[in-house]
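[1] what shape does this take:
(2 chains)
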Amino acid sequence: MQEYSDKELLDKFKNSDLAERNFAFNLIVRKYQKKIYWHIRKILIDHDDSNDVTQNVFIKVWKNLDGFKEDSQLYTWLYRIATNESLTFLKQKKRKNLVPFSDVEYSLSNSLQSDQYMKGDEIQLKLQNAILTLPNKQRIVFNMKYFDNIKYEEMSKILDTSVGALKASYHHAVKKIENIIKNG
Amino acid sequence: MNTENIFLDEEDFDELKNSASKLFSLDRKLPFEVPADYFDELPMLIQERCAQENTHKISVLEKIIFLMRRKYIAFGILILLMSGGYFFYLSKNGVQKSAPSTDEITTALTDNLSVDDETLLIESMPDNKVASTQKTDNDQPIVNYLIDNDVDVNTITNATN
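    Predicted coordinates:
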């Protein structure tokens, strides 16, 4: 299959008839679905929740792609939507269940044990449990750097936070997780 | 299982190596899995949902137009009723035209009434009573008498009643 650049895909989406728009959007989904899904999965842990939020993210993209100004990269924009949608989902879950946020973390931790789409060795689960002790935004920063190796500059655009703050956040997260793994 | 193992930038690599040796030594693997063919089917699921959203969007739009149309029809009916009421009010008031003023009557009479007409008018009045302000020669002795005896109009009124 021909590999289109983001610019070409966006042009195709914005300046074509419905069939071409659908085609271009399908290509965008295929290009970014894995990155977006795994980003969300690392935040929400549970597959079903991640699946729902991933679909919501792309529907939001479908609705708003015409208004996408191309000031930022498509990839940055998609990550930003995915992050916001995931955090909103967690907030809704907290409100729906009327539980404090720590209990939502507990339920995320439970998902690690019970989700049928979870298969890792003991140390990987231990690492995930340690990551879940971090505050949400710090957890996202850690995941983006440790697993995805996203540059701080990119991360800064996605999370709308300064590079310095992101570096500090990652540094604290690493220390905390290291302690948990060593002592746990 | 997601087995992507991404290596960090040199700076981050060194930082991790020095400050978190245990974390550094781990394989950067995620313990998560997805159902078989998940990523093959996901684009189709998303397209279906987008199509549903489109239909929903159209139906919402139609609903708004329908509501707006109803609103406009109601507004039109209201305008018609108000216009009808206004014209009814106007026509009713048209029958009850206000009486002409004294000045208007005087002007009309002065312009259009001849001496013959005036006589006719006086004759047509009940008992032929008409107040005349014109003095005649026969009235002069009476006037003189009233002035000489200092008789005012009130005395005459009281006497005649």
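[2] from here on, contacts and neighbour counts on C-alpha atoms
    Noted.
[3] next secondary structure after the helix ranked longest in chain A?
    If each helix of chain A is counted by residues according to DSSP state H, the longest one is helix A:18-44. Sequence order places helix A:47-64 as the next helix or strand after helix A:18-44, per DSSP states H and E.
[4] would you state the helices of chain B in chain order?
    So, for chain B - with DSSP H - the helices run B:10-19, B:21-25, B:38-95, B:102-112, B:115-124, B:140-148, B:153-160.
[5] state the mean pLDDT of the third one.
    It refers to helix B:38-95. For helix B:38-95, the mean per-residue pLDDT is 81.
[6] on that earlier part again, can you list the buried residues in the longest helix of chain A?
    Within helix A:18-44, the residues that qualify as buried are A:21-29, A:31, A:33, A:36-44, counting by 16 or more other Cα atoms under 10 Å in any protein chain shown.
[7] so what angle separates the directions of it and helix B:38-95?
    110 degrees (axes from the mean of the first three to the mean of the last three Cα atoms, to 10 degrees).
[8] remind me what helix A:18-44 packs against, helices and strands.
    Helices and strands touching helix A:18-44, by 3 or more Cα pairs under 8 Å, 6 or more residues apart in numbering or on different chains; DSSP states H and E, are helix A:6-14, helix A:47-64, helix A:74-97, helix A:136-146, helix B:38-95.
[9] output those helices in TSV; the columns should cover mean neighbour count.
    TSV is the format used below for the helices and strands packed on helix A:18-44 (neighbours: other Cα atoms under 10 Å in any protein chain shown):
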stretch	mean neighbour count
helix A:6-14	17
helix A:47-64	19
helix A:74-97	17
helix A:136-146	20
helix B:38-95	13
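[10] can I get these in JSON lines with distance to A:L112?
    As requested, the helices and strands packed on helix A:18-44 are arranged in JSON lines below (distance: least, Cα to Cα, whole Å):
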{"stretch": "helix A:6-14", "distance to A:L112": "35"}
{"stretch": "helix A:47-64", "distance to A:L112": "10"}
{"stretch": "helix A:74-97", "distance to A:L112": "16"}
{"stretch": "helix A:136-146", "distance to A:L112": "15"}
{"stretch": "helix B:38-95", "distance to A:L112": "20"}
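[11] what parts of chain A come near chain B?
    With Cα under 8 Å from any Cα of the partner chain as the criterion, chain A comes near chain B at residues A:22, A:26, A:29-30, A:33-34, A:45, A:47, A:55, A:58-59, A:62, A:117-121, A:124-125, A:145-149, A:174-175, A:177-178, A:181-182.
[12] got the CA positions of stretch A:174-183 in PDB?
    This file holds the C-alpha atoms of stretch A:174-183, laid out as PDB (Å, rounded to 0.1, in the frame of the first residue of the first chain):
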ATOM      1  CA  VAL A 174      12.100   7.100  37.900                       C
ATOM      2  CA  LYS A 175      13.300   7.500  41.400                       C
ATOM      3  CA  LYS A 176      10.000   6.500  42.900                       C
ATOM      4  CA  ILE A 177       9.600   3.400  40.700                       C
ATOM      5  CA  GLU A 178      13.200   2.300  41.200                       C
ATOM      6  CA  ASN A 179      12.600   2.400  45.000                       C
ATOM      7  CA  ILE A 180       9.400   0.400  44.700                       C
ATOM      8  CA  ILE A 181      11.000  -2.200  42.500                       C
ATOM      9  CA  LYS A 182      14.100  -2.500  44.700                       C
ATOM     10  CA  ASN A 183      12.200  -2.700  47.900                       C
END
